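Trainee: Kindly return the folded structure for what I paste below:
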Amino acid sequence: MGFWSKLFGAKTSTRNLTGGSPYLTPKKDPIDISFATKFTQKGGKFIYSEDAKTSDEYFKLILEENHWKNEEILCFDQNLTDRFHLPIQSIDVDTSQFKVFLIRCEYLIANKGTILICNHQLMDFKLENLPSFFIVFSGLDNFVSDVSEGMTNLKNKYTDKLPSNITTLNVKNLSEEKDFLSYGNSAKNLYLLLQED
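Mentor: Presented below is the predicted three-dimensional model:
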C-alpha cells in the first residue's frame, strides 16, 4: 500500500451495487407504505379496504377472530356506533367491562408507525384505563410524515381550541414488555381499519 493510500485510506468505489450514486439521497417510500411497514413491524394489524362494504366485512371478521360481542365494544363516536350497529356509551361508563375500544384517529404518523389521538377520541380517559385492544378506523387523508406535522395539522383543524389529552397510540410489543424500562407503558393491541373511500 502506497503512502497516499495509507494517509487517505484505500480508494473506495463511488458506485454502489444497485447502480445508484452514493451521493444521492435514497428513495423514500410513499407515506402510506412507510406507515404500514413500521406499524406492522411493531405488531399492529393493518387492514386496508377499498370501500365501506369491505370495511364492514373486515370489522365483523375482527370481532369473530377475537370472539367479541357488540356489547363488549366501547365506543363514544356516534357515527361509528350507527355504522357498525353498536350501543353508544356514556362518558361515565365503567371501562373495565369492555374488551375493545373503537375509535377514529386524528393522524397516522408515518415515520414512527404510531397513531395520533386526543380527547376527541379518548374523552377524559387515560390510556391505561381503557381496554387493551383498540380498533382504529381511518381514511387515507389522515397520513402525516411525523408528529410535528400532525401537531401543526391539529392546531389548524381545531383553531378555536387546541384539544387536550393528545397522545400517540403505540403497538403493544410483548418482547419489550419484559424490559423494566417499559413498565407502565400504555401500549395497546391495535387493529387499524383503513378505508379508501
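
Trainee: show me what contacts residue 45?
Mentor: 190, 191, 192 (CB atoms under 8 Å, 6 or more residues apart in numbering). Every residue, glycine included, has its C-beta placed from N, CA and C.

Trainee: Could you give me the PyMOL syntax to select whichever of those are buried?
Mentor: Filtering those down to the buried ones (16 or more other CB atoms under 10 Å) takes a single PyMOL command:
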select buried, resi 190+191+192
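
Trainee: Name the nearest of the contacts of residue 45 relative to residue 111.
Mentor: residue 192 (16.1 Å; CB to CB).

Trainee: Quick check: can you name the pairing partners of the host helix or strand of that closest one and their directions?
Mentor: Using DSSP states H and E, residue 192 falls within strand 189-195. Strands flanking strand 189-195 in the sheet, each with its direction: strand 45-49 (parallel), strand 133-139 (parallel) (DSSP bridges).

Trainee: now the first one: mean pLDDT?
Mentor: In this model, strand 45-49 carries a mean pLDDT of 95.

Trainee: Pull out the buried residues from that strand.
Mentor: Counting neighbours by 16+ other CB under 10 Å, strand 45-49 gives 47, 49 as buried.

Trainee: Next: the last one.
Mentor: Buried residues in strand 133-139, counting neighbours by 16+ other CB under 10 Å, are found at 133, 134, 135, 136, 137, 138.

Trainee: still on that earlier bit, nearest to residue 156, out of the strands paired with strand 189-195?
Mentor: Nearest of those (CB to CB): strand 133-139, 17.5 Å.

Trainee: Good, wrapping up.
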